[in-house]
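Trainee: Pasting the sequence and the predicted coordinates here, then a few questions.
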Amino acid sequence: QQQVKQSPQSLIVQKGGISIINCAYENTAFDYFPWYQQFPGKGPALLIAIRPDVSEKKEGRFTISFNKSAKQFSLHIMDSQPGDSATYFCAASMGSARQLTFGSGTQLTVLP
Amino acid sequence: DGGITQSPKYLFRKEGQNVTLSCEQNLNHDAMYWYRQDPGQGLRLIYYSQIVNDFQKGDIAEGYSVSREKKESFPLTVTSAQKNPTAFYLCASTPRTGGWFFGPGTRLTVL
C-alpha cells in the first residue's frame, strides 16, 4: 500500500532553471511532511519540512508548497545548480505513530 | 560531535550466513529505525523501536531481527531466511519532537 506517491521518477533541468517535484498522500492523519536529499552511497539528509498548518515554507533556494485540500505537496528548487544533482525523497508521518513513509524518489540531474 | 554511525560501510555475506549491522547514536533520541533501500527505489521500513527493550515490525521484517538493549544502539541482524538481502541499509533516529536523522548506511552484498 503506497501512501505517498512521488513524481516524476527522474528530472533533468538546465543550470539556473526551476526543479519541481510533486508528492501526493492518502492519509489525512499525516501531520509532518519532510523532503530529503540523498547523494549516491550516502544517507538521506533532511532538506526542508512543513506541517499542514502552513501553505508554503521557504529556505534559501528550496520551497515547499502544501495543498491540504488536494492532499499534495511539492518541492521547488530555484536557480538549480549542478551540485543539486541528487535523489530527492518526499515523506510523511503521523505524530502519534512516529513512522516515516517515503515516496519512491526523484533522481534530479542539473546540467551545467 | 553528535550523530548516527553505522558499521561496517560495506559487508559481504555468503549464502546461509547471518550478519549483523551496527547502528549507534549519541543524539539521545528515543526512537530508532532500520530501512532498506534497493536501487532506484524508496526506503522501506524493516523494524523500529520507540523505547529500550521494545521494538515493532515494519513493512518488510521477514528475515530480519533486531534488539534494543541500550538507548544508543539498535543492531540489525540479516538472517539466512532473508532470501534477497543485497541492498543499502539505513539506520535512523528521531527525538520526541520529530525530525528523522539518518546514518551513512551499510551496503550489504551477498556473494
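Mentor: Thanks, I have the structure now. Numbers count the residues shown, from 1 in each chain, chains lettered A, B, ... in the order given.
Trainee: Excluding chain neighbours, what is closest to the residue in chain B that chain A sits nearest to?
Mentor: Residue of chain B nearest chain A, by C-beta to the nearest C-beta: residue B:102 (3.7 Å). (C-beta placed from N, C-alpha, C; glycine too.) If the residues on either side of it in the chain are set aside, residue B:102 comes closest to residue A:43, at 3.7 Å by C-beta to C-beta, 6 or more residues apart in numbering or on different chains.
Trainee: Could I get the contacting residues of the residue of chain B closest to chain A?
Mentor: By C-beta atoms under 8 Å, 6 or more residues apart in numbering or on different chains, the residues touching residue B:102 are A:36, A:43, A:44, A:45, B:4, B:90, B:91, B:92.
Trainee: partners of it in the sheet?
Mentor: Beta-bridge pairing for residue B:102 (DSSP bridges): residue B:92.
Trainee: repeat for residue B:20
Mentor: Legend: beta-bridge partners of residue B:20 under DSSP bridges are residue B:77.
Trainee: Hmm, it is touching residue B:76, no?
Mentor: Yes - here residue B:20 reaches residue B:76: they are 6.9 Å apart, a contact under C-beta atoms under 8 Å.
Trainee: which one of those two has more residues nearby?
Mentor: Neighbour totals were compared for residue B:20 and residue B:76, and residue B:76 leads with 22 against 13 (other C-beta atoms under 10 Å in any protein chain shown).
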